[in-house]
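Enquirer: My questions are about this predicted structure, shown below with the sequence.
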Amino acid sequence: MPKYPYLNDAAKFDAESLNTRFDDVAAGVNVVTEDAIALRGLNHLQVPSMVGGLDIRTDTFTTENEELLVAIPSQEGNPPEISTWPPGWTQVDRDGYRLQLRDGAPHYNLDTAGKPTALLVFANVEVKHFTGFELVRSSVTSLDKYYGITLNEYTWEASVAIEIEDSAGTAEVINRTIRQVSPRVTIGYTGNFNGDDPPVASDPATGYDGLEGRLAMSPLRDMSGPDTPSSNPPSKYQFDWKTFQDVSIRTVITKDDLATLGLTDVQHVRMVFYSFSSRSYKVQRANLTVLPLMAEVNS
Amino acid sequence: MSWRYKLYSIEPAQVVTIDPINENFQPFVEELTSGLNEHNLAVDAFTGHSSSPRGAFTDDAVFILHLSQADAVEIGLAGYTSASSANWVSIAGTGTWEAFDKTGLRKSFTSRGGTTYLCASFNIHCGKNRTHDSVPTDDYPTGTPDYRQLGFGYLVALRLNGTVLNETILGSGDAGEDDFRSHRMTAHVTEVEDYVKKDPLGRFPQGGGGLSAARLPVTVDAVVELLPGENLVEVVVLNIKSSMQTFTGQTTYIGQRELYVLEMVR
C-alpha cells in the first residue's frame, strides 16, 4: 500500500522529493497486493472459475434419472434390468446413468495447460432387487414344511463401475471403481444343514414340483403365508428378497487413467453394470456428476 | 471507485507549485489503497491469455489433488480365491480402529493449508463366495456348510493426523440392544442334529447397527480446514466386537479402493 508524503504549503521540493513520490506510487502499481483490491472488487469477468469444462455454456456435468424409472408407492416405475446376456458390462442408455461431457471437439485430454486436468466423479445408484431367484423346500423330511429361496448374500452380487469413452468411440472400465454389493437379506439357519446345495428339482411324484435341497443362507420370511400342507407352498415373494442398496462411487480421472486405458480423451462417462457371479438384477435411482477441475495432480 | 485521472495538467513554462502536485498524486495513491476493482482491470486481463480463460493461471492456482489410487487390485471374484495375490487388504478381528498401510487407504501429503475435501471410496468383502465347501461327508453329501451369520458390522471413518473425524463415522453398533448370536450360525456347529436345538432365529434377530454385508461399497468423506505442512489421511475400520469374520473365522477384506484429497487453497 503506497504512502504519499504530502507536500506542505511553503515546503521546498526538488527533483529528489518528487522522484521519491513517483517511486512510491510506482511501487504500489508494480506489486498490486491484496489490500489494494476493493472488497468484492473482482468478479468472474476477471477471475475464471477453476471448476468447469472446456465450454461451460454448452458442456454438461450432471445427470439424474427421470422420475418414471423409480418405483414409488404412487407409481410402478420402470427400473432398468441388468441381464446376464449378452456377457460383459451393461450400459444403461438413460439419464442418470450416462453423461456426454461435450458434443464436439475439443474433448477432455486432461493434459493441456489452462484446461481441466482432472475429472471428479460422483456416482450413486440404487440396486433395487435381484431377479431369477427361486423357491426352495428343505429336503429334510422332518423339515419339509420349511421353505427358503435361492437368493443369498454370499454367492449373489451386483457390480457397478465407471466407464469412460473417448471421442474415437473406445470405451474402457476403470477397474478401481468396480464396486460389488450383495443382496440385503436377513438370513436364517433353518434348513441350512442337509440336502443338495445348490438345490435340485424335486421328484414330481411327491406332489411338489419346485426346487428342493438345503436352504443355504436363505432369507427369512417376512410375510406370513401357507406352508402346510407341503403341496401348498409359500410364494417366493414372501421372503426378504428386496435389496434397495445404494452403491456410491467416487473417483478422480486423470491423464494417467487415459494413458493406462489407451484412450485419447474423455467424451462420455457412464455407470456400467455386471455380475461376476452371473446374476440379474434391477437398478433404479441414479445420478452421475462429473466435475472438471483445473488442478495440480499429485499421485 | 474506478479509474482516475489527474486533476491538473501542468503546462509548459508554468511555475510549479505544491498544490497541483499533491492533488495529482493523491487520487492514484487512494486508488491503490483498497480502491482497485473490476474497472481497473481489462476484461480479458487474465481470461484472454492464450485463448484460454485459465491460461494465465498455473494448475495449482486454486485446486491441488493428492491421489492414492489402488489400480493393481484384481477384479471380479479373484480375491475370494487368493486375497493376497488379488491385492486385497485384510481387516483384522481386533475390535479397535485399524488403519492400513496400503495404497488407496492412506495418503501422506504436504498441504498449503485451508479448506480441503477428503474422500475415500472402497469395497468391503466378507465370506468366500460360496455357501459350502467341496468336500462331501456323510452328514453333508454336497459339502460342509460354509457360511456364517454376519456380525455387528463395521464402523468406517477417516482419520486425520491421528484423530478419527467423528463426522465421518458410518455405522453405529449397539451391543445393548442387538442380540449377537453369531456362533449359532458358524460352521463350528457341526452336528446335524444341532438345528433342532436352536431357537428360531426370528426370535433372536442378529447383527448390529454397523455396516454389514457380504459385499459392501462404502464412501466416507469430509471437508476440513487443514494446517499448512505435512498431513496424513487414513481410512480406518472398526470391526465391532471382532464379529465380522468369514465362516472360518478368517479376516475380512477391502478390495477395490481409492482415497483422494482435494485442497481448495484459494
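Expert: The structure has been received and is ready for your questions. Numbering: from 1, shown residues only, chains lettered A, B, ... in the order given.

Enquirer: Residue A:59 should be in a strand, yeah?
Expert: No - with DSSP: H, G, I helix; E, B strand; the rest coil as the criterion, residue A:59 is assigned coil and is not in a strand.

Enquirer: hang on, it packs against residue A:100?
Expert: No - using Cβ atoms under 8 Å as the test, residue A:59 is too far from residue A:100 to be in contact (9.1 Å). In this view, the C-beta of every residue, glycine as well, is placed from N, C-alpha and C.

Enquirer: how would you label residue A:18: helix, strand or coil?
Expert: Using three-state DSSP, the structure places residue A:18 in helix.

Enquirer: Just give the closest residue to it, not the sequence neighbours.
Expert: With sequence-adjacent residues excluded and distances taken as Cβ to Cβ, 6 or more residues apart in numbering or on different chains, residue A:18 is closest to residue B:21, at 7.1 Å.

Enquirer: for residue B:242, same thing?
Expert: Nearest one to residue B:242, counting by Cβ to Cβ, 6+ apart, is residue B:93 at 3.8 Å.

Enquirer: Give me the pLDDT for the one you found.
Expert: In this model, residue B:93 is scored at 77, pLDDT.

Enquirer: Also residue B:194?
Expert: pLDDT for residue B:194: 48.

Enquirer: Distance of residue B:43 relative to residue A:44?
Expert: Distance, residue B:43 to residue A:44, by Cβ to Cβ, to the nearest Å: 11 Å.

Enquirer: Apologies, that question was intended for residue B:39.
Expert: Residue B:39 is 15 Å from residue A:44, where distance means Cβ to Cβ.

Enquirer: And for residue B:37?
Expert: Separation of residue B:37 from residue A:44 (Cβ to Cβ): 14 Å.

Enquirer: Summarise which helices and strands the helix or strand harbouring residue B:222 is packed against.
Expert: Here residue B:222, judged by DSSP states H and E, is contained in strand B:215-226. Contacts defined by 3 or more Cβ pairs under 8 Å, 6 or more residues apart in numbering or on different chains; DSSP states H and E place strand B:215-226 against strand A:171-181, strand A:242-253, strand B:114-125, strand B:154-160.

Enquirer: I'd like these laid out as CSV, including mean pLDDT.
Expert: Converted to CSV, the helices and strands packed on strand B:215-226 look like this (pLDDT from 0 to 100):
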stretch, mean pLDDT
strand A:171-181, 97
strand A:242-253, 95
strand B:114-125, 96
strand B:154-160, 95
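
Enquirer: could the ones you listed go into a markdown table alongside mean neighbour count and distance to residue A:196?
Expert: Formatted as a markdown table, the helices and strands packed on strand B:215-226 follow (neighbours: other Cβ atoms under 10 Å in any protein chain shown; distance: least, Cβ to Cβ, whole Å):
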| stretch | mean neighbour count | distance to residue A:196 |
| --- | --- | --- |
| strand A:171-181 | 22 | 27 |
| strand A:242-253 | 20 | 26 |
| strand B:114-125 | 22 | 26 |
| strand B:154-160 | 22 | 33 |
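
Enquirer: mind checking which of those strands is nearest residue A:31?
Expert: strand B:114-125 (23.0 Å; Cβ to Cβ).

Enquirer: got the CA coordinates for that closest one in PDB?
Expert: Extracted in PDB, the C-alpha atoms of strand B:114-125 (Å, rounded to 0.1, in the frame of the first residue of the first chain):
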ATOM      1  CA  GLY B 114      -7.100 -24.200   4.000                       C
ATOM      2  CA  THR B 115     -10.400 -25.800   3.100                       C
ATOM      3  CA  THR B 116      -9.800 -29.400   2.000                       C
ATOM      4  CA  TYR B 117     -12.100 -32.200   0.800                       C
ATOM      5  CA  LEU B 118     -11.200 -35.700   1.900                       C
ATOM      6  CA  CYS B 119     -12.800 -38.700   0.300                       C
ATOM      7  CA  ALA B 120     -12.400 -42.500   0.300                       C
ATOM      8  CA  SER B 121     -14.400 -44.900  -1.800                       C
ATOM      9  CA  PHE B 122     -13.900 -48.600  -1.400                       C
ATOM     10  CA  ASN B 123     -15.400 -52.100  -1.200                       C
ATOM     11  CA  ILE B 124     -15.600 -54.400   1.800                       C
ATOM     12  CA  HIS B 125     -15.800 -58.200   1.200                       C
END
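
Enquirer: ok, and the closest non-adjacent residue to residue 90?
Expert: If you meant another chain, say so; for now it's chain A. In space, residue A:90 is closest to residue A:273, 4.7 Å off (Cβ to Cβ, 6+ apart).

Enquirer: oops, chain B please
Expert: The nearest residue in space to residue B:90 (Cβ to Cβ, 6+ apart) is residue B:251, at 4.2 Å.
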